[in-house]
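Trainee: here are the coordinates; sequence isn't available:
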Ligand SMILES: Nc1ncnc2c1ncn2[C@@H]1O[C@H](COP(=O)(O)OP(=O)(O)OP(=O)(O)O)[C@@H](O)[C@H]1O
Ligand SMILES: Nc1ncnc2c1ncn2[C@@H]1O[C@H](COP(=O)(O)OP(=O)(O)OP(=O)(O)O)[C@@H](O)[C@H]1O
Ligand SMILES: [Mg+2]
Ligand SMILES: [Mg+2]
């Protein structure tokens, strides 16, 4: 047996986000879903969109340590931007997606200037306040957003000029899946980038980071804007797939739900976003169909049980389980 | 054969009351028909809209229609959730019986919408008319700051002005307000004879009605006039402060007709002696009647156009009085009652004291 | 002009009363979240429980209002202590997200239970005749109930301030929060301190829920509906500062009431803009420590 | 006859599943001072915190004043007379200096006044919050906090670290006086072996969680080579 | 001749009525091996905080190579070659030792904001990290999380982080407290071997190390400079003996 060279052992001491079997499993599952559960495609598409959204939150919260209860600001901005773009400029979806991302990134940059000056509860409240102000704005700007009735009446052109959105939701599913795969790949790339490590350092000890010469707030702002753009992508997807944008896309429930999904799945691991969104959405859907009035209680019990038995979320549980398997 | 009907409502969250009432109305109707329309067994699939979330409404309607193959949709609590289904019903030609959303314009968005509830305009106009006839010549209109509230402001304001009244103030109250002192102070300063109010039923409307009494605005000679907010279930927590509250609405469980008495008796027998039907359960009850009619006309085979044709001009006797469907707008035509809150058998209830017969939704006329 | 002045004064009194009610329902959270650092999103649900229990005592057991409220506070404290011993214990050590998840889950469960037990309709405590009606001070016409709210909250504020900032128990609590391990090493019975404190927080919530019910009526979704405003008060006040949350509650109550009257066009923006402005100028709240 | 205040038998302990200490047996008599020596990471701190019940015990027993204390929670151990001065000071940052002391106070010979007398610097800063103190002030406070609990056994984890030489002198004198009546025993962890050996009667040397030497302090003090081989291995190699 | 790497001019800091720093003047020449000693609470750490920009002085100036940096944020001063260690460990506890060092190195190389190739996939970077760890004898610990390490080991990482920045001015606040004396000596030898032109200011209460390492010593008492001088001058000064060294202070 040869002892590993110090270089390789040091390189291994960096936690790394390589592609692994799990990614393949997830992709396989997504493809299989299309064929096995094609009657559930609307739900499956909604799940994919929420995964994108949860990923964007994981970047801000799990990696940057930015605490937020107002992430819907980005989802909603992306959704409205994409919806308005389709209505007034062009029904082309891919450019609409980018418009949604850009709009959300701008909102992220602006609100980040305020939000990132603070920490803890104050930060949470500021994010909440920013999102609420946007919500009120959308409510007041009724001529533009159609206010409480929801933005409707636009249509989205076929993806790449080839694939028409159909009522069974096949195109929507593939489109959302493609976006998710790209976003996920980007997130992996991002968190294993030097900036990804910097973010973790800032989360752990911002004072020390500053004294290593890192412009902490600027780095966080970058991260926040990226996270916002990804959140905007989720919103834009939703607007394009559903042909309607409601005020609730900016609402507190949206922010709270995605946070619960991420916490359920586990932060700082990317695939926590997958597990959390899938479990939450499926449970919500199933429980809601079985016993609509009491499903909230079932969800509540699940959350408590997860905190008790999987304090680092489902992905943490999975990680512990696989590492134990691995060492045996 | 089996025919499936999708019921969309709020079964969780702050508006569960709607879900319960819809379900009760639907179940009661089906129970009275032995679960069958003709030889077709009816299965109802209930889904939770979970708040005012059009994306979810779209997803649910799509799943119900595409996956579960329902032939009819019924329900809908908020305008956005009703509109969320519009693409789906247009593309699949699925009739959707709207039970609540009070925005008049909704039925214009699709040929397959038909309303079994009411619109805000329908009940607002008689209320304003009545107030004017009582000699109230200046009024404040006060509504929650959201789409239905804006509709109500417009309905009250335009009608009142047209009659020759003077709107001395228009107040928009942000959603979620719990303390009304500032608004009531403003009302007091404006010294109107009447206040027309519209709010989402719940903490807001209850808080407003209670504070109105608490601040003795009634003693200052101001009359509070409402529509939807005076329902029996909602005035109970307000307590005696609600006594004398005047409202216009298309139904009251204390409506003195044989058909309604029968309906109330059946409702109580099924759901408990202290329970009372409401606008929501009666809408669901009548909604099922519409579906029965459509099922009969299509003989259980899905055909949205044929089904919709069958209910145009359909007339029947409902617990709320004689009703019909306007063939042009697919709006329901119904009586509107003026009611006053009184103690009836020791409980607060709405006593009808005046009837405006066969009121058509006026919005479609005005905005033709 | 006296009428504009009296309008202003009566609005100010209303604002103070509203603020005092906000203080009452949020001060318990100042203790559990601000001092104990438990992100207790169940707080408002405890307020609701207190309100419902008081209602039960009055309606079903025929107990007088002034006895029913303290009984409800005690009962809620017992429930709180029980939950602390079982559920909350798990999350003290964990990160904020775990606490958030657990407590929001608990709120869901409580909501469902209340919905099944008490139904969805709104309810509020029937006020005793001694708290009904109005009285006049000069040109002002004040409601007895609002005056009572102001007095009761002021009394609670004073009692708490003496209790936490001036007693050994307060110091022990803060020590336990700062560093649990070390607190145990200097002989502090950390679990007991936490249980007692948590129960006090729940009791305060219950008091707020019961006394405030004419303004914030009881319903199963109370716990979720009035969570944000309570969090805002705590954040604006400054984490863990009793004085801060009193100031914040009063300030927000006044801004809200006056803003709605004088700046009606801004509508719902007023309060959020105020919060944004305050937190930008004072990122750690009005009274930061 | 002197009483045996503390007795460890075959103690194995660590963090969760990780075992750090293995089969440690030692004892401390009333009024005695014991030095605990060893290189970085051998388990000295772990031993002290295990005595307070903060770690996972995998085997063996700890007896205090004749009783098995396995079931005692940490705060009971502290109340009954085990006083810890932790290595990282662990001052309560949001308490004032005075409060840091009063939360730990019990009735006994040590009072607020006596602590302030030993560390006049603390008296000057009594109203300051814990986090505002200088490193050395924190160290004084940590020691004061342990003393005011009137312990029978004082567990000192590198108590002189960060203190000015004059203060170290004062402390050394104070510890000497304290032990005179036999009321106080001391377990002292210290990186400066010579200083530790000067202050104690007996010494224990740990290596990788096991005891590798145990005996009278002067013996080790007088044998620099052995000392080097026990705690300064690199130098010998 | 170029300006001194670090110069403090009339630095003052008050907390309310308490003056923690009083009109402190101090100059570090290139290659200085300077010690700062003084009783507990004299204001030594506070001085370092002001130099590095963690807190702002009430009056006075901080000059780095002649440039006034008093108003400059901390991270920019680091970019000018200023590095420090903390008296109370300030590390990234949930990251591995290698990642801790990696953070310092990537900041130094200006990689910290990059979205690109991961650090461990950059051979030159890894090489440098290995070198850094080897120098401080931390190579074996590379994969351990900092939170699992003993106190003394963490102290060494504290120093490693500062050294990884390749500073021109290095401020060490009690760098070897809690490190065994033999290990402490070794670390000081390492410091002595730093490039000639690096100016080092060290705060330390272990006089045996101070007297061996320092060429000049500043004694701070109650926030003010009591004395600055060579080793022997300070060692024998009676005032220093009274307030600080005590009777055994100079024995080692
Ligand atoms: N929380 C922990 N989890 C896991 N291992 C730990 C933990 N704390 C310490 N250790 C390990 O236990 C061993 C002993 O640590 P300990 O702190 O007792 O050493 P020490 O002798 O006090 O060292 P020092 O002289 O540096 O203070 C070390 O190898 C350390 O890595
Ligand atoms: N934020 C603050 N508020 C009030 N006083 C403070 C604050 N920060 C520090 N001090 C006081 O300033 C004095 C100087 O502290 P400093 O940490 O600089 O001392 P030091 O010389 O480093 O001491 P040591 O050798 O003990 O580390 C101390 O008395 C400390 O209590
Ligand atoms: Mg140690
Ligand atoms: Mg210092």
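Mentor: Nice, thanks for sending it over. For clarity, every value in this text was computed on a predicted model and none was experimentally measured. Ligands and ions are numbered 1, 2, ... in the order given.
Trainee: burial measure for residue 90, as a count.
Mentor: I'll assume chain A. Residue A:90 has 13 neighbours, counted by other C-beta atoms under 10 Å in any protein chain shown. From N, CA and C alone the C-beta is placed, and that goes for glycine too.
Trainee: think we crossed wires, I meant chain E
Mentor: 16.
Trainee: Contact partners for it?
Mentor: Residue E:90 is in contact with A:205, A:207-208, E:158, counting by C-beta atoms under 8 Å, 6 or more residues apart in numbering or on different chains.
Trainee: so which of the residues you listed is the most crowded?
Mentor: In the contacts of residue E:90, the most neighbours by other C-beta under 10 Å go to residue E:158, 26 neighbours.
Trainee: picking up where we left off before, which ones among the contacts of residue E:90 map onto helices?
Mentor: Mapping these onto helices (DSSP state H) picks out A:207-208, E:158.
Trainee: just to revisit the earlier point, could I get the contacts of residue E:90 as TSV with pLDDT?
Mentor: Putting the contacts of residue E:90 into TSV (pLDDT from 0 to 100) gives the following:
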residue	pLDDT
A:205	91
A:207	90
A:208	92
E:158	91
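Trainee: Let me see the domain layout of chain D.
Mentor: Domain assignment for chain D by automatic domain parsing gives D:4-81+D:152-235, D:87-150.
Trainee: ok so, going back, for the contacts of residue E:90, work out which two are farthest apart.
Mentor: Greatest spatial distance in these: A:207 and E:158, 13.3 Å, computed using C-beta to C-beta.
Trainee: just how off-centre is the host helix or strand of residue B:73 within its chain?
Mentor: Here residue B:73, judged by DSSP states H and E, is contained in strand B:72-75. Strand B:72-75 has its average C-alpha position 16 Å from the chain's average C-alpha position, going by C-alpha atoms, centre = their mean, to the nearest Å.
Trainee: just to revisit the earlier point, filter the ones in helices among the contacts of residue E:90 by proximity to ligand 4?
Mentor: Among the ones in helices among the contacts of residue E:90, no residue sits close to ligand 4 (C-beta under 5 Å from the ion).
Trainee: any weak-confidence spans in the chain?
Mentor: Reading this off chain A. Under the criterion pLDDT under 70, the flagged ranges of chain A are A:1-4, A:16-18, A:38, A:292-293, A:323-328.
Trainee: my bad, chain D
Mentor: D:1, D:232-237.
Trainee: returning to what we had before: looking at the ones in helices among the contacts of residue E:90, which is nearest residue E:73?
Mentor: Proximity of those to residue E:73, judged by C-beta to C-beta, is greatest for residue A:207, which lies at 12.2 Å.
Trainee: Surely that closest one and residue E:53 touch.
Mentor: No: checked against C-beta atoms under 8 Å, the pair residue A:207 and residue E:53 is beyond contact range at 10.9 Å.
Trainee: Please compute how far the lowest-mean-pLDDT helix or strand in chain E lies from its chain's middle.
Mentor: The weakest-scoring helix or strand in chain E, judged by mean pLDDT, DSSP states H and E, is helix E:181-192 (a mean of 82). Put simply, helix E:181-192 sits 14 Å off its chain's centre (C-alpha atoms, centre = their mean).
Trainee: circling back: near chain B, which of the contacts of residue E:90 show up?
Mentor: Among these, no residue is within reach of chain B (C-beta under 8 Å from any C-beta of the partner chain).
Trainee: Export these to a markdown table and append columns for distance to residue B:241.
Mentor: Below are the contacts of residue E:90 laid out as a markdown table (distance: C-beta to C-beta, whole Å):
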| residue | distance to residue B:241 |
| --- | --- |
| A:205 | 57 |
| A:207 | 57 |
| A:208 | 61 |
| E:158 | 68 |
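Trainee: Adding distance to ligand 2, write those residues out as TSV.
Mentor: As requested, the contacts of residue E:90 are arranged in TSV below (distance: C-beta to the nearest ligand atom, whole Å):
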residue	distance to ligand 2
A:205	19
A:207	14
A:208	17
E:158	15
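Trainee: from these, which single one is nearest ligand 3?
Mentor: Checking those against ligand 3 by C-beta to the ion gives residue E:158 as the nearest, at 14.9 Å.
Trainee: The residue in chain D that chain E sits nearest to: neighbouring residues, count only.
Mentor: Per C-beta to the nearest C-beta, residue D:136 is where chain D lies closest to chain E, at 2.7 Å. Look at residue D:136: counted by other C-beta under 10 Å, it has 26 neighbours.
Trainee: Can you give me every residue that contacts the nearest residue to it once chain neighbours are set aside?
Mentor: Nearest residue to residue D:136, sequence neighbours excluded (C-beta to C-beta, 6 or more residues apart in numbering or on different chains): residue E:40, at 2.7 Å. Applying C-beta under 8 Å, 6+ apart to residue E:40 gives the contacts D:121, D:134-137, D:139-140, D:162-164, D:167.
Trainee: now, among those residues, which is nearest to chain A?
Mentor: Nearest to chain A among the contacts of residue E:40, counting by C-beta to the nearest C-beta, is residue D:135 at 16.2 Å.
Trainee: Distance check, the residue in the stretch 1-150 of chain E positioned nearest to ligand 4 against ligand 3.
Mentor: Proximity of the stretch 1-150 of chain E to ligand 4 (C-beta to the ion) peaks at residue E:45, 3.1 Å away. Between residue E:45 and ligand 3 the distance is 22 Å, computed by C-beta to the ion, to the nearest Å.
Trainee: picking up where we left off before, from the contact count, pick out the helices and strands touching the least confident helix or strand of chain E.
Mentor: With contacts taken as 3 or more C-beta pairs under 8 Å, 6 or more residues apart in numbering or on different chains; DSSP states H and E, helix E:181-192 sits against helix D:233-236, helix E:151-164, helix E:207-213.
Trainee: One more pass at 10 Å, please.
Mentor: Here helix E:181-192 touches helix D:193-199, helix D:224-231, helix D:233-236, strand E:33-37, helix E:151-164, strand E:169-173, strand E:199-203, helix E:207-213, going by 3 or more C-beta pairs under 10 Å, 6 or more residues apart in numbering or on different chains; DSSP states H and E.
Trainee: closest one to chain A among those?
Mentor: Distance to chain A, taken as C-beta to the nearest C-beta, is lowest for helix E:151-164 among the helices and strands packed on helix E:181-192, at 6.9 Å.
Trainee: List the residues that contact residue 91.
Mentor: No chain in the question, so chain A it is. Each residue near residue A:91 by C-beta atoms under 10 Å, 6 or more residues apart in numbering or on different chains is listed here: A:85, A:154-158, A:240.
Trainee: think we crossed wires, I meant chain D
Mentor: Neighbour list for residue D:91: C:175, C:178-179, C:182, D:97, D:100, D:129-131, D:133, D:137-139, D:141-142, D:145 [criterion: C-beta under 10 Å, 6+ apart].
Trainee: ok, now residue E:175?
Mentor: E:85-87, E:155-156, E:158-159, E:162, E:184, E:187-188, E:191, E:202-204, E:209.
Trainee: Let me know whether stretch C:238-248 sits next to chain A.
Mentor: Yes: Stretch C:238-248 is in contact with chain A by C-beta under 10 Å from any C-beta of the partner chain, via C:238-240.
Trainee: That stretch close to chain B?
Mentor: No: Stretch C:238-248 stays clear of chain B (C-beta under 10 Å from any C-beta), getting no nearer than 16.1 Å.
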